[in-house]
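In: After the sequence you'll find the predicted model.
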Amino acid sequence: MKEKINIVTSTYVPLPLENVDTDQIIPARFLKATTKEGFGDNLFRDWRYDKAGNPNPDFVLNQGVYKGEILVAGKNFGSGSSREHAAWAIAGAGFRVVVSSFFADIFKNNAMNNGVLPVVVSPEFLTGIFASCANNPQATLTIDLPAQTITNNETGKSESFDINPYKKDCLVNGLDDIDYLLANKSKIEAYESIH
Amino acid sequence: MKTLFDKIWDKHVVDTLADGTIQLYIDRLYCHEVTSPQAFAGLRERGLKPFRPAQVTCIPDHNIPTLNQDRPIEDPVSKNQVDTLEKNAKDFGLPYYGLLHPKNGIIHVVGPETGLTQPGMTMVCGDSHTSTHGAMGAIAFGIGTSEVEMTLATQCIMQRKPKTMRITIDGQLQPGVTAKDVALYIISRMSTGGATGYFVEYAGEVIRRATMEERLTICNLSIEMGARGGMIAPDQTTFDYLEDREFAPRGEEWEKKVAEWRQLYSDPGATFDKEIVFKAEDIEPMVTYGTNPGMGMGIRENIPTLESIDEAGRISFKKSLDYMGFTAGEPVLGKKIDYVFLGSCTNGRIEDFRAFASVVKGKKKADHVTAWLVPGSWMVEKQIRAEGLDKVFEAAGFELRQPGCSACLAMNEDKVPAGMYAVSTSNRNFEGRQGPGARTILAGPLVAAAAAITGVITDPRELI
C-alpha cells in the first residue's frame, strides 16, 4: 500500500530550469543501493553540494526560503534515464507533487508508481507560479486530485490537469499495478495459451 | 492498414481497461544490476516468484570495471550490487551471464548479438536505451523498477498506447557520416523532448541501406529526443544478421518465423500521428556543444547565439554553456580535448571499432589524450582480436579494455575528471554524466578517432 494522494495544499520549491534530466535529479554514482531508502539526501546532489560536500548557498533547496511538498520545474522535467531512483529521491525529499509544463514519459510513470503526482500545467500557468513565489515565498498551490484541478492560491487562478482514470484511482487509493495484475493472472494465462 | 508498431502492439494486448489503459504482454525482460534489486526485493516481500523465468535474462554491465575483471570488484558498493543480481538470478532460477562469461557485456549489445532479441517481440528493461532492440523490428522500451517488478511477477505491464511517429531519412549519406551522426542530427532538429509521447519508426533509403549495427545505433538514441522507443521494419538485413545466432530459431522453425517477420512493416497508407522527413545530404559529422543530446550541430558550425534561443530556454542554455566552458556563437573545431571514449550501447559494436581503427591506423594518439576503448561485449572483444584491430590500436598507442558500460555513465572507475573535455561515442552529455564536473562532447566513432589523434576537435574527413 502506497501513501494516498487526495488534496495537497502546500508552499512550493521553484526550479525554473528546463530539461532537468534524471542525472541531475540523482547522479549515477548514487544508484548503487539495493533498497529504495536514502535517495532523498542526494536529490539534485551536484547542484546542492560542491565537490567537498558543502551545501551550495545558491541552490534553492539550501536557501531555506522555499519549502513544501510541491516541486515546480521548467519544461521537460525528468528526461534521460529510466532510473526510478529519481522518483525515490523526490519522494524521499518529501515532495508529493511535481508541477511542470512537460514531463518525460518514463519519469512520469515512475513518479506515479511511487505515489508522487506529476501535474502538467500550461506554460502561462507555470510562469504565473514562478512569479507568485518570487513575490511571496509563502505562496501556496492546491492540487485537488479527485477534481483534477490545480490552484495558484496567490492569484486565485485555477487550471484542470489530465490524468488517466486508472492511474488516478491507483493514487487516490494507494494501490499499485502489481495488485491489479496479480488479480488478473487468469487473463495472462489465457493470452499465453493462444499465442 | 496498420503501422509496424500497431501490428506488434495489438498482438500483445492482454486486456484493455475502460479508460484505455492496456495490459501489455512482454515477451522478454532484460535485467541489469542497478535497476533490479528493489524489484526482486518487492517480489520477496509479496512472496512471489518470477512468472516466466525463461523469458528473463540477467546481465551485470553498469558497475563493472573495465580492467582486471578476474579480480573481485574493488568498490564494495558496486560489488554488492553485482553480487545481489547474481544471487537474485540464482535464487529465482534466471539465466545469468556474469563477469568474464563469454556472453557478458552491455545488455543492449548482448541481446541482439546472441539472438535473444527477435523481430515481433515486446521487450523491456530498466534502462532507457532498451530502445536499441527496436532496430530488429521489436517493440522495446525502458521501464522503471516498479515495472521490472510487475514484469517479473506477471510478464505484463500497464501502459497507455503511445502515439506513432515516422521519421524518414531519404537520399544518400556523404562519406564520413555515420549512423551516430544521423541520430545526433535528428535529435538536434527534434530537441530533447520533441518525440515525447511517441513511438518512432525510422524509414527511408538511409535506413534500408543501413547495416544492422547502424540501425541499432539509430534506435538506441530514440530516447534522447524523448521517444518511448524507436523501431525499424525487419528485412533481409535483419534476417541475415540473426540467422544462426545462438538463440535464434533454427531449421523449419526459422523458416516459419521469417515468413511471419516478413509481414512486419507499415502497410502503405497506414497513418502515423506525426510524419517527419529529413534529407541525408544535409547531415554532416556531428558534435554536441551543450549538456543535453539535443544541443548538437555539424562539426564545422558555430554554437548558436543567445538571441537565437527562446526566451524561456535562455537560463538553461547559458547554464549549459557555462558548464561546458564554451561561448555562444563560437566554433568548437580546433578545441583541445583531454579524453576519448569509444564504447557504450550506442557505439560499442564491431563496426564502431572498425571505423575507429580506419582513422587511427598508422597514426599516433596525441600524447595528452587519455583514450578508453571499451568493447560492448566479450563477443565484440573477440571479434576485434580476430580481425587484428587490437594490433592496430596498440601500434597507434591505444589500449583495449574489458567490456561494460564504463565511462558512458561512470558508475565504475572510468570517470572523466572535473573540467576535462571528453569526446565520447556514448549517448548523454548531461552535467556530471561522465564524472562530477566532466564535460562531454558526444560524437560518432570517426570524430572520436580524429580527436584522439590530433588532440583537438577535428573533422575526420581531413584524416581519411
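Out: Nice, I can see it. Numbers count the residues shown, from 1 in each chain, chains lettered A, B, ... in the order given.
In: Could you tell me how far the lengthiest helix in chain B lies from the centre of the chain?
Out: Counting residues, the longest helix found in chain B (DSSP state H) is helix B:76-92. Centre-to-centre, helix B:76-92 and its host chain are 24 Å apart (C-alpha atoms, centre = their mean, to the nearest Å).
In: just stretch A:27-46 next, same as before
Out: Chain-centre distance of stretch A:27-46: 16 Å, with C-alpha atoms, centre = their mean.
In: repeat for stretch B:238-253
Out: 23 Å.
In: tell me how far the ends of that stretch are from each other?
Out: End-to-end distance for stretch B:238-253: 17 Å, by C-alpha to C-alpha, to the nearest Å.
In: Any part of it near chain A?
Out: No. With C-beta under 8 Å from any C-beta of the partner chain as the criterion, chain A is not reached by stretch B:238-253; the gap is at least 15.5 Å. Yep, even glycine has a C-beta here, placed from its N, CA and C like the rest.
In: what is the rounded mean pLDDT of the next helix or strand after the longest helix of chain B?
Out: Sequence order places helix B:107-114 as the next helix or strand after helix B:76-92, per DSSP states H and E. What helix B:107-114 shows for mean pLDDT is 98.
In: contact partners of helix B:107-114?
Out: When contacts are defined by C-beta atoms under 8 Å, 6 or more residues apart in numbering or on different chains, helix B:107-114 is touched by residues B:30, B:32, B:57, B:59, B:61, B:97, B:103-104, B:116-117, B:123, B:125, B:127, B:129-130, B:132-133, B:135-136, B:212, B:216, B:220, B:241, B:245-247, B:345, B:348-349, B:376-377, B:379-380, B:403.
In: so how many other residues sit close to residue A:161?
Out: Close neighbours of residue A:161, defined as other C-beta atoms under 10 Å in any protein chain shown, add up to 19.
In: for the one 4 residues further on, same thing?
Out: For residue A:165, the tally of surrounding residues (other C-beta under 10 Å) stands at 12.
In: Tell me which residues of the longest strand anywhere in chain B come out buried.
Out: In chain B, ranked by residue count with DSSP state E as the criterion, the top strand is strand B:163-170. Neighbour-count burial for strand B:163-170, counted by 16 or more other C-beta atoms under 10 Å in any protein chain shown, picks out B:163-169.
In: The helix or strand following it - contacts with which helices or strands?
Out: Next helix or strand after strand B:163-170 toward the C-terminus (DSSP H and E): helix B:179-190. Here helix B:179-190 touches strand B:163-170, helix B:212-220, strand B:274-279, strand B:286-288, strand B:296-298, going by 3 or more C-beta pairs under 8 Å, 6 or more residues apart in numbering or on different chains; DSSP states H and E.
In: hmm, the helix or strand following helix B:179-190 touching chain A?
Out: For helix B:179-190, the following helix or strand on the C-terminal side (DSSP H and E) is strand B:198-203. No. For a cut-off given as C-beta under 8 Å from any C-beta, strand B:198-203 has no contacts with chain A; the smallest distance is 9.2 Å.
In: can you tell me which residues contact residue B:131?
Out: By C-beta under 8 Å, 6+ apart, the contact set of residue B:131 is B:140-142, B:219-223, B:227-230.
In: Residue 2: what's it in contact with?
Out: Using chain A here. So residue A:2 contacts A:114-115, A:174-176 (C-beta under 8 Å, 6+ apart).
In: hm, I was asking about chain B
Out: Going by C-beta under 8 Å, 6+ apart, residue B:2 touches B:10, B:266-267, B:270.
In: Repeat that for residue B:120.
Out: Applying C-beta under 8 Å, 6+ apart to residue B:120 gives the contacts B:8, B:11, B:137-138, B:234, B:260-261, B:264.
In: make it 6 Å
Out: Each residue near residue B:120 by C-beta atoms under 6 Å, 6 or more residues apart in numbering or on different chains is listed here: B:8, B:264.
In: so residue B:29 sits in a helix?
Out: No. Assigned with DSSP: H, G, I helix; E, B strand; the rest coil, residue B:29 falls outside any helix and is strand.
In: my guess is it contacts residue B:151, does it?
Out: Yes. If you go by C-beta atoms under 6 Å, residue B:29 and residue B:151 touch, sitting 4.7 Å apart.
In: Run a quick neighbour tally on the residue nearest to residue B:392 when sequence neighbours are not counted.
Out: Nearest non-adjacent residue to residue B:392, counting by C-beta to C-beta, 6 or more residues apart in numbering or on different chains: residue B:357, 4.7 Å away. Residue B:357 has 23 neighbouring residues, counting by other C-beta under 10 Å.
In: and chain A, which of its residues are near chain B?
Out: Those residues of chain A that sit near chain B, judged by C-beta under 6 Å from any C-beta of the partner chain, are A:17-19, A:21, A:23, A:27-28, A:31-32, A:34, A:36, A:46, A:76, A:79, A:81-82, A:84, A:104-106, A:110, A:113, A:164-166, A:177-178, A:181, A:187-188, A:191.
In: Quick check on these: which are buried?
Out: With burial judged by 16+ other C-beta under 10 Å, the buried subset of those is A:17-19, A:21, A:23, A:27-28, A:31-32, A:34, A:36, A:46, A:76, A:79, A:81-82, A:84, A:104-106, A:110, A:113, A:166, A:177-178, A:181, A:187-188, A:191.
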